[in-house]
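Q: Whatever this is, show me its structure:
(chains A and B)
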Amino acid sequence: MLLKYIIVKLVNAMENEEKLMTGEESLKVITAMINKSRVNLTQSSFHLLFWGWLIFACSLSEFLLWKLTDLATPWYVWFFVIPGVFVSLIYGYAKGRKQHVYTYATGIYVWAWIGFLFSSVVFFIVHADQMESVGKYMLLMAAMPTLISGIVIKFRPLIWGAISFWIIALVAHFGGDIISGLAVPAAMITGYLIPGYLLRTKGSHDTI
Amino acid sequence: MTPFKELDPLLHSQLRLAIMSILISVDRADFTYLRDKTEATAGNLSVQITKLKEGGYIEVSKSFGESYPQTMCQITRLGRTRFEEYVKIIEQYIKPEPPK
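A: Residues are numbered from 1 along each chain as shown, chains lettered A, B, ... in the order given. Predicted structure coming up:
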């Protein structure tokens, strides 16, 4: 028992002894560790599918309520987004606690979406009296964090999804009421749902 | 001839240099990640992290992960500066200035 204790202490002391290095060895250590630290940031399909379906449902409901009913404020369906924000934040927080490493790209990705959230809140306050025409502006604002996400996780369908937001926003602006009303549901299919299901079949996991 | 500057003894150690190299690449990394990447023993890694922390080169924060304590390390501004200086000095050693 005493012998085992002495051996363990000696091994620890030998391990803790600092190994002297040459300049080349130092650079090799630095290079090797930097290469090992390259983290492929991958993304769960959860956020894309959750938000894709939620916004699709809200926007399509608003359009149908506007077209088929006499309801004066069909945009009230958008209040369902508020609990959605909490679901998303709680999911992200729970996933984040399991992470062993946070990269700078993670921060860029996360803050891009937080910035979008703040912009959306301010936008809804500023446009409280013109809620019928907010769809195309929301697409314009959502395109940037979507593009950043696609670039950071190196997922081309999401980059194309972001580009589709800009195209659909333009079409919505010049297309008239019905096209404008269906713009956001269409954008959710091209921008979130298709990339989300493609990502799910790819089998990626969340690292944020 | 420019005289060679002395290497920072806190960085001129294989494991501490490895830790700093990882932390300069990522924003934050926990003990488990550092251990996996450096392939060091937990005891040795802990000792070297403490030395870097005492030198002000890294910050260490402890929290509770999913169901286990988590030690998160992040490089400080001082650590980043010292690391960059260390790399410059190493490069000077490897490629010294030609005599005039």
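
Q: Strands along the chain, start to end?
A: Using chain A. Under the criterion DSSP state E, chain A carries strands at the ranges A:101-102.

Q: wrong chain, I was asking about chain B
A: Taking DSSP E, the strands of chain B run over residues B:28-30, B:58-64, B:69-75.

Q: do you know how far the residue nearest in space to the middle of chain B is from chain A?
A: For chain B, the residue sitting closest to the mean C-alpha position, by CA atoms, centre = their mean, is B:Met20 at 2.0 Å. Distance, B:Met20 to chain A, by CB to the nearest CB, to the nearest Å: 8 Å. Any C-beta I mention is one placed from the backbone N, CA and C, and that applies to glycine too.

Q: you'd agree that residue is up against B:Lys53?
A: No: taking CB atoms under 8 Å as the contact criterion, B:Met20 and B:Lys53 are not neighbours in contact, 11.8 Å apart.

Q: pLDDT weak spots in chain A?
A: A:1-20, A:39-44, A:131-132, A:203-208 (pLDDT under 70).

Q: returning to what we had before: would you mind finding the most buried of the strands of chain B?
A: Comparing these by mean neighbour count (mean count of other CB atoms under 10 Å in any protein chain shown), strand B:28-30 ranks first with a mean of 22.

Q: any idea how far B:Ser63 is from B:Met72?
A: According to CB to CB, to the nearest Å, B:Ser63 stands 7 Å off from B:Met72.

Q: Show me what the longest helix seen in chain B is packed against.
A: For chain B, the helix reaching the highest residue count under DSSP state H is reported as helix B:77-94. Contact analysis of helix B:77-94 by 3 or more CB pairs under 8 Å, 6 or more residues apart in numbering or on different chains; DSSP states H and E lists helix A:23-36, helix B:14-25 as its packing neighbours.

Q: Show me the contact partners of it.
A: A:23-24, A:26-27, A:30, B:2, B:4-8, B:10-12, B:17, B:20-21, B:23-24, B:52, B:56-58, B:75 (CB atoms under 8 Å, 6 or more residues apart in numbering or on different chains).

Q: so who does residue 74 touch?
A: Going with chain A. A:61-63, A:65-66.

Q: Chain B is the one I meant
A: Applying CB under 8 Å, 6+ apart, we find B:Gln74 in contact with B:23, B:27-28, B:58-59, B:61.

Q: Dump the residues you listed into TSV; add pLDDT and distance to A:Ala94 as well.
A: Listed next are those as TSV, based on pLDDT from 0 to 100; distance: CB to CB, whole Å:
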residue	pLDDT	distance to A:Ala94
B:Leu23	95	25
B:Asp27	85	20
B:Arg28	91	18
B:Ile58	97	27
B:Glu59	97	24
B:Ser61	93	19
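
Q: And those residues, which is closest to A:Thr201?
A: Proximity of the contacts of B:Gln74 to A:Thr201 was ranked by CB to CB; the top entry is B:Asp27 with 29.9 Å.
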